[in-house]
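**Q** Here is my input; please provide its structure:
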Amino acid sequence: MGRLKKNVFCLKSLYITIFFLILSIFAIGIHLFTKSNIYVERRALLLEKFNNNKENFVLSIGLKLKQVYIAGRARTSEVDIEKIVSAIPDMDIMKVDIYKIRENLKKLPWIKDVKIKRILPQHLVIEVYERSPIAVFKHNDKFNPIDDEGNIIEVSLNKPSGLPIITGTASPENVPHLFQILKQEDDLFRRVKGASWIGKRRWDIYIDDLTNGIIVKLPQKNFQIQWSHLSRINKEQQILDKDIHSIDLRDPEKSMINMDIHKTKSKTKTVREEQDI
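**A** Residues are numbered from 1 along each chain as shown. Take a look at the predicted model:
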């Protein structure tokens, strides 16, 4: 019995050895064949035939672009987008240069970013992400939107769009930080109609109206403290509802109110009266 088991084990070992020997010979044969001139010539011929007929093959199986979908467009001109993508339909969908389309779309002033997806067999989805305007930059009698990163959007507006008007050299890049602070006192921020960047170092804020409203002069540093102080005083005394020309908060030790008596019925000329708050 023991001898029989031993013989069976020897046969199994022999079969395994023969199997791996044949497998090794087969692998060596394939390797030698791929190095031969015949294989190289045949491979080159096959690749040439494939490249020559690839487009016809792709179109024959239905990979011809039929529809382009645009998502996320709100402010960007539809005509401007169509000029960029108009040549795409009826192309081999795999030949559409997604990178080129994306870069061309990003050159449009309102578009911040673009994502493009192929949906086989016949569709292309272009998703645009537009810039969000938070204010309008006034310079040389022109109006341009400012986005939430402080960039000027190269689109000319015929008139202000209801957003706060910003003036002053190099002011747009500082607007996001300004608004971040002003929004902490939402009751005041909702009344802000504009801001001027004075001397590239501090802000004047226009409350309620750009011409006849109240000018709040903020300090160069830590103006969030004075802004919060003004909000608290206004909640207690409603000073912004009085006949005030400006509020000077530049001195952290002493804030001043400049009264505009011209607005009252009993006076016809403008005088200024200083008052502590």
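**Q** And stretch 175-184, what's buried?
**A** Using 16 or more other CB atoms under 10 Å as the burial criterion, the residues of stretch 175-184 that qualify are 175-176, 178-179, 181-182. C-beta: built from backbone N, CA, C; applies to glycine.
**Q** Give me the contact list for that stretch.
**A** 134-135, 146, 148-150, 166, 188-189, 192, 195, 203, 205, 223-224, 227-228 (CB atoms under 8 Å, 6 or more residues apart in numbering).
**Q** make it 10 Å
**A** 134-135, 137, 146-151, 164, 166, 171, 188-190, 192, 195, 197, 203, 205, 216, 218, 222-225, 227-228, 231 (CB atoms under 10 Å, 6 or more residues apart in numbering).
**Q** for stretch 69-77, same thing?
**A** Contacts of stretch 69-77 (CB under 10 Å, 6+ apart): 78, 80-83, 85, 105, 108-111, 113-115, 117, 119, 123-133, 145, 153, 155.
**Q** the helices in the stretch 151-277 of the chain, which residues?
**A** 175-182, 186-189, 223-237 (DSSP state H, counting those that start in this stretch).
**Q** What are the boundaries of the strands in this structure?
**A** Remark: strands assigned in the chain by DSSP state E are 67-71, 111-119, 123-130, 133-139, 142-147, 165-167, 192-198, 202-207, 214-217, 244-248, 256-259, 274-276.
**Q** how far does the fourth one sit from the chain's center?
**A** I take that to be strand 133-139. Distance of strand 133-139 from the chain centroid (CA atoms, centre = their mean, to the nearest Å) equals 17 Å.
**Q** again with the fifth one
**A** Computed by CA atoms, centre = their mean, the chain-centroid distance of strand 142-147 equals 16 Å.
**Q** same thing with the longest one?
**A** On the basis of CA atoms, centre = their mean, strand 111-119 sits 12 Å off its chain's mean C-alpha point.
**Q** can you offset everything so residue one is 38?
**A** With the count now opening at 38, the last piece we talked about shows up as strand 148-156.
**Q** angle of that strand against strand 179-184?
**A** Calculated by axes from the mean of the first three to the mean of the last three CA atoms, to 10 degrees, strand 148-156 forms an angle of 60 degrees with strand 179-184.
**Q** okay, the buried residues of stretch 212-221 in CSV with pLDDT and distance to residue 178 next?
**A** CSV is the format used below for the buried residues of stretch 212-221 (pLDDT from 0 to 100; distance: CB to CB, whole Å):
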residue, pLDDT, distance to residue 178
212, 97, 20
213, 97, 25
215, 97, 23
216, 97, 24
218, 96, 29
219, 97, 26
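**Q** what's the closest of those to residue 274?
**A** Of all these, residue 274 sits closest to residue 219, with 20.1 Å by CB to CB.
**Q** what about this protein, any weak spots by pLDDT?
**A** Along the chain, the model assigns pLDDT under 70 to residues 38-52, 56-57, 63, 66-100, 124-127, 197, 292, 296-314.
**Q** Enumerate every residue touching the residue nearest the centre of the chain.
**A** Geometric centre of the chain, nearest residue: residue 149, 4.1 Å, by CA atoms, centre = their mean. Counting by CB under 10 Å, 6+ apart, residue 149 makes contact with 143, 165-169, 184-186, 188, 190.
**Q** quick one: which of the strands of the chain is nearest residue 196?
**A** Nearest to residue 196, of these and by CB to CB, is strand 179-184 at 7.0 Å.
**Q** list the helices and strands that closest one packs on?
**A** Helices and strands touching strand 179-184, by 3 or more CB pairs under 10 Å, 6 or more residues apart in numbering; DSSP states H and E, are strand 170-176, strand 202-204, helix 212-219.
**Q** Export those as JSON lines, with columns for distance to residue 272.
**A** Formatted as JSON lines, those follow (distance: least, CB to CB, whole Å):
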{"stretch": "strand 170-176", "distance to residue 272": "25"}
{"stretch": "strand 202-204", "distance to residue 272": "26"}
{"stretch": "helix 212-219", "distance to residue 272": "16"}
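**Q** Quick one: closest of the ones you listed to residue 276.
**A** Ranking the helices and strands packed on strand 179-184 by proximity to residue 276 (CB to CB) places helix 212-219 first, at 17.5 Å.
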